[in-house]
Each structure stands twice: as structure tokens, then as C-alpha cells.
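Visitor: turn this into a model:
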Amino acid sequence: MYDYDVISIGAGSGGCSSAMRSADLGKKVAIVEYRQKDGVGGTCVNRGCIPTKALVKSAETYTAVASAAKFGIQVDGFRADQKAIHAKKNAAINSLRFGLTNVLIKPRKIDILNGKARFLDEHTLELTDPKGEVRTVTAENFVIAVGSEPAMIPAFHINGTTIITSNEALNLPEIPESMTIIGAGALGLEFAYVFSSFGCKVTVVEMMPHVVPAMKDEEITGQVSAYLKKQGVEIRTGNKIEEVTERDGMTVARLGDGEEVVSAMTLVAIGRKLNTGDLNLKAAGVKTTERGQIITDAHMRTSVPHIYAAGDITVGPQLSHKAQRQGVVAAENIAGMDSQIRYDVIPWAIFMNPEIAGVGLTQAEAEEQGIETTVGRMPFSANEKAMCMQSTTGMIKIVARKADGVVVGGQIFGVDASVLISEIALAVQKGITIDDVATMIHAHPTLAEIVMECSKNGLGKAFHK
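Guide: This next block holds a predicted model:
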């Protein structure tokens, strides 16, 4: 009756994961993607997670070489080759995109349909390809995973050359002498780390009172801010930018207090526009919020039982791994399984160096909910492996319910925080107690021991006080 059992609209993390899981569960599947240049992979592979991490690794390597003398290694005459750095980044993108298409999607007999999608009714899509040719395609079920784009905020006069978004920041042929970055979240801090590592004078402006505004833990965010300042990054928190203009070949960011920040370039690292506006969701009966966010339940079902949604266009943080899990949940429910997602156990990370990561509740958030807490703290300077690496900046915190000791959250600022947070995320998901973590034997010497010692600290049993 229908052309496909499942059509995933969007070939990013949510769309690809839902399509692959649906195919594995025996469904006839297609993916719709309108970005002819990108192919598959969405923002994560082409304009987000992967290219930014490639640039971060280059910045890490550059700073490691610059500081090699502290490990007894003398290096002379090195330089950063931006052309080669971008070639490495693009190679990573192309390799992942090729693998996703030819190793994961095509062998599953998933059709890739190129075109911009628009619902005609709850079972029919109209697809317009890049040449303007129109066709219709039907499916019994849909997974909407169209993602988001950088918001073109009018007051910032984004021109793509001197006032830019993250899309342009990924491909700058040269490092500017100076840059103003609007926003101290993940994008802002990662780009601040990359550009400042290569000698750019960076000023980060954040409207909220502290950096990493999503993390309600001023003890850790204060350490992050202090570290960035020590590295030469200027931090302006608690001050919004009213307007960005150009003057005498420079960009001028006018702050709320009237001060002007002048730089060679301004990067707008806030705001994402949801790509739901052209889908004609009303024709399918799919309900959204005022800003276009699709309303779903924990099974990823929308207001129409056979239409699901995943990724940035749904509730929760805009994270690739959230989208991937949501896509799997949608596919499994389409196949008749009972699959759900828990948003309280989704970890997040910011990939500067040292990294920042968190999961679950902070101490402040727990107390706001009336939860009395037991909190463990430990500086990275107390970890033997971190000392050997000379990477002792930062700290870790683990938050547990005082009543039963169950871990409800954790926050980390330090080397490999993105890896270390997984142990805490597992504890939150499975209801593991802080005593369980403290008594689990960890290999020595490893960075992972800091999770154990932090838990011991919360119980008053740590060797390091």
C-alpha cells in the first residue's frame, strides 16, 4: 500500500539511527536528505561534532608541542599550517560520510532520497530535488529528524565573512588577529580554545552570570573562567550584546552597558533555528510549540501516532547522542517494542582542553528540588596519572541523595572529562550508590581513579582530603 514502511526525514544522527535500526528490525526504509553537498551525516558529521573535534585536536597538538619542554623534549621551528589542518579535518568528514553511506546505510538496503520534504498528508511527502523536479512518496511511518541551523539574528548583521556563525568558523583559511565570540556555551568555548591556541586574541561575551550557562555549579564554572583567563582569553559575563556592526575594517560589538568590543572578526555562537518551518506539519496534523519544536512523548511519538520525531527539533539538549538514542527509540516503537528515553541521564561535554562534562543534577539543582545531598569533591591535582601527564587543572564533583546514597549527578572540569563522565552517567541511570562507586576497584594509575576517590571523599573515606 505504501512505498516504504518507514521514511526518516533528515540524514543526521536521529534520521540515520532510526533508519538503520528500522532496517535491522525488518522494515523497508528510506532516508530523505535535501543537502546534496553534504550527503549524509547531518550537522554532526559535516558542520558540528566531527569538524570541531578535528580542529580541537590540532589545537591540542600545537599547544602540546609548544609546551614539550616541560616533559624534557626540546622542539624548535614548528608552526601551524592552517591549510593542512583543514585538509585533515575535511578528510575526517569525508571518511565518516563515506563509511556511513557505504558501510552502514547501503548494505542495509536503505534508499537515500534527495529532496526537500513537505507533507501533503499524514502518509504522503512531496519531495523537490535540487533541479526543481517534484515527486511524491508514501510511508506507513515517518521519523522527522531535520535538525537545526545557526540562527541569523538580525541585530548581529551576520555577513559570513567578518561577522560569522559556526559554519564559517570551521573553514577560516587564516587565524584572525582578534575575535569576539558571542556565547560561552559549548560552541563558544570550543572555538575560543581553538583560536586562542593559535594566537588569536579572543574575547568571550556571555549574557548569563558565568561561563557554561547550562551548568548550575559556580564552583566549577568559576574554575573554567579562571583557567581561560590564565590562557589569555578575556571573559565578559553578565553582559549581553545589543548589536554587532562593522567600522573601519573591524567588527564592533556594543554591549548592554554601552561598552564596545572591537575585533577583526565576531563569531556568533548562540541561537539555533529549527528546520521545521517548511515541512507543512499542519497538513500531517503534527503539533508543535510556538517556536516550531515538535511535541513528543517518551516513545518519540508526535500527536500523530505513526509519526515520530528525533534530534534538535524535540525537547531536551541539542546533542548528537540524544538524537541518536531518540532515533533508535522511535524505530523500536514503530516495530512494536516498548522503548523510551530518559533525558535526566544524557551526559554532555565541552571539548576544549581541559574538557568540561556533566550528567544529571548539580548540587544546586538537587537542592532546588528539595533533595538533601551528599557531595564528593576532588581536584585533578590529587590524581597520580594527571600528575604524570602534568594535566592537573580542574576538579570533579559527584552528587548523591543523602537519604539512600544514590548518585543523581556529576560534573567534571579536567583532562578526559568526556570519558570520565560515562561512569557517573551509568551510576545515575542504574541507581548506583556513591558507596558502590567508592568501593569499585579502579585500575592504577588511571584518571578513572578520580571518580572513585571523589566518591570516597563524599563519604569521608578518601585518602586525599
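
Visitor: pretty sure Glu126 contacts Glu133?
Guide: No - contact criterion Cβ atoms under 8 Å: Glu126 and Glu133 do not qualify, at 11.3 Å. Backbone N, C-alpha and C define where each C-beta goes, glycine included.

Visitor: looking at those two, which is more packed in?
Guide: Glu126 (16 against 9; other Cβ atoms under 10 Å).

Visitor: look at Arg301 and say how many residues are nearby.
Guide: Arg301: 18 neighbours (other Cβ under 10 Å).

Visitor: contacts only, for it.
Guide: 307-308, 330, 333 (Cβ atoms under 8 Å, 6 or more residues apart in numbering).

Visitor: what does Ala298 give?
Guide: 340-342.

Visitor: residues contacting Thr161?
Guide: Glu168 are the contacts of Thr161 under Cβ under 8 Å, 6+ apart.

Visitor: so it: helix, strand or coil?
Guide: Of the three states, Thr161 takes coil according to DSSP: H, G, I helix; E, B strand; the rest coil.

Visitor: so it versus Pro173, what's the distance?
Guide: 12 Å (Cβ to Cβ, to the nearest Å).

Visitor: how about Arg21?
Guide: In terms of Cβ to Cβ, Arg21 sits 40 Å off from Pro173.

Visitor: ok, those two, which is more surrounded?
Guide: Arg21 (25 against 7).

Visitor: secondary structure class for that one?
Guide: Quick answer, by three-state DSSP: Arg21 is helix.

Visitor: quick one: the residue nearest the centre of the chain from Arg247, how far?
Guide: Nearest to the geometric centre of the chain sits Leu319, at 4.4 Å (Cα atoms, centre = their mean). Separation of Leu319 from Arg247 (Cβ to Cβ): 37 Å.

Visitor: so how many other residues sit close to Thr392?
Guide: Counted with other Cβ under 10 Å, Thr392 comes out at 16.

Visitor: any idea whether it is helix, strand or coil?
Guide: Assignment for Thr392 (three-state DSSP): coil.

Visitor: how many neighbours does the closest residue to it other than its chain neighbours have?
Guide: Using Cβ to Cβ, 6 or more residues apart in numbering and skipping residues adjacent in sequence, the residue nearest Thr392 is Ser381, 4.0 Å away. A count of nearby residues for Ser381, using other Cβ under 10 Å, gives 14.

Visitor: Ser381 and Met387 touch, don't they?
Guide: Yes - contact status for Ser381 versus Met387: in contact at 7.2 Å, counting by Cβ under 8 Å.

Visitor: which is the next helix or strand following the strand or helix carrying Leu189?
Guide: Take DSSP states H and E as the rule and Leu189 turns out to sit in helix 186-197. Counting by DSSP H and E, the next helix or strand C-terminal to helix 186-197 is strand 201-206.

Visitor: which one is Lys273 nearest to, not counting chain neighbours?
Guide: That would be Ala151: by Cβ to Cβ, 6+ apart, it lies 4.5 Å from Lys273.

Visitor: mind checking how far the spatially closest residue to Ser17 that is not a sequence neighbour is from Ala145?
Guide: Leaving out its chain neighbours, the residue that sits closest to Ser17 by Cβ to Cβ, 6+ apart is Gly327, at 3.5 Å. According to Cβ to Cβ, Gly327 and Ala145 sit 6 Å apart.

Visitor: overlap of the contact sets of those two?
Guide: Contacts common to Gly327 and Ala145, judged by Cβ under 8 Å, 6+ apart, are 8, 13-15, 18, 310-311.

Visitor: Gly376: neighbouring residues, count only.
Guide: Neighbour tally, Gly376, other Cβ under 10 Å: 26.

Visitor: next: Gln340.
Guide: 11.

Visitor: does the nearest residue to it once chain neighbours are set aside sit in a helix, a strand or a coil?
Guide: Excluding its sequence neighbours, the residue lying closest to Gln340 (Cβ to Cβ, 6+ apart) is Ala298, at 4.3 Å. Assigned with three-state DSSP, Ala298 falls in the coil class.

Visitor: so where does Val261 fall, helix or strand?
Guide: Judged by DSSP H and E, Val261 forms part of strand 260-263.

Visitor: show me what counts as buried in that strand.
Guide: 261, 263 (16 or more other Cβ atoms under 10 Å).

Visitor: looks like Thr251 contacts Thr180 (just checking).
Guide: Yes - at 6.6 Å, Thr251 counts as touching Thr180 under the criterion of Cβ under 8 Å.

Visitor: what's the overlap in contacts for the two?
Guide: With Cβ under 8 Å, 6+ apart as the test, Thr251 and Thr180 both reach 244, 263, 265-266.

Visitor: Pro209: neighbouring residues, count only.
Guide: Pro209: 11 neighbours (other Cβ under 10 Å).

Visitor: swap in Asp121?
Guide: For Asp121, using other Cβ under 10 Å, the count is 11.

Visitor: wait, doesn't it sit right on Val286?
Guide: No - with contact defined as Cβ under 8 Å, Asp121 and Val286 do not form a contacting pair (11.4 Å).

Visitor: any idea of the mean pLDDT in stretch 182-193?
Guide: The pLDDT scores in stretch 182-193 average 97.
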